[in-house]
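Asker: Here is the input, now give the coordinates:
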Amino acid sequence: MKNIESKMPLARYVHFINRTALFLFAVLLVFFLIRMIVSGRVSVENVNIRIDSHNEQFQKL
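Answerer: Alright, predicted model coming up:
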């Protein structure tokens with residue numbers, strides 16, 4: 001019986017670590033997705049600004 005009792009807390013501990021690792025992985029995944037979306041929007045705005053500035057230069061010519 002002592003063997004089973006000594007294994008049970010370890011199993012709970014491993015289960016807790018797995019759940020925590022999955023949660024942290026999900027949070028990191030969401031964080032990187034948000035960062036990619038934000039950086040994508042910023043780069044798109046920069047491209048639009050460049051296109052607008054080029055159009056203004058052509059109109060001046």
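
Asker: Please count neighbours and contacts with C-alpha atoms only from this point.
Answerer: Noted.

Asker: how about the helices in the protein?
Answerer: Ranges of helices in the chain, per DSSP state H, are 2-60.

Asker: which stretches of it have low pLDDT?
Answerer: In the predicted model of the chain, residues 1-8, 41-61 satisfy pLDDT under 70.

Asker: Just give the number of residues close to His15.
Answerer: 12 (other CA atoms under 10 Å).

Asker: Report the separation between it and Leu28.
Answerer: Distance of His15 to Leu28, given as CA to CA, to the nearest Å: 20 Å.

Asker: what's the answer for Val38, then?
Answerer: 15 Å.

Asker: before we move on, what about Met36?
Answerer: Distance, Met36 to Leu28, by CA to CA: 12 Å.

Asker: Also Pro9?
Answerer: In this view, Pro9 and Leu28 are 28 Å apart by CA to CA.

Asker: repeat for Asn18
Answerer: Distance from Asn18 to Leu28, by CA to CA: 15 Å.

Asker: What's the local residue count around Phe16?
Answerer: 12.

Asker: Same check on Leu33?
Answerer: Neighbour tally, Leu33, other CA under 10 Å: 12.

Asker: What of Gly40?
Answerer: As a burial measure, Gly40 scores 12 neighbours (other CA under 10 Å).

Asker: List the residues that contact it.
Answerer: Counting by CA atoms under 8 Å, 6 or more residues apart in numbering, Gly40 touches no other residue.

Asker: Over to Val38?
Answerer: Taking CA under 8 Å, 6+ apart, one finds nothing in contact with Val38.

Asker: No more questions from me, cheers.
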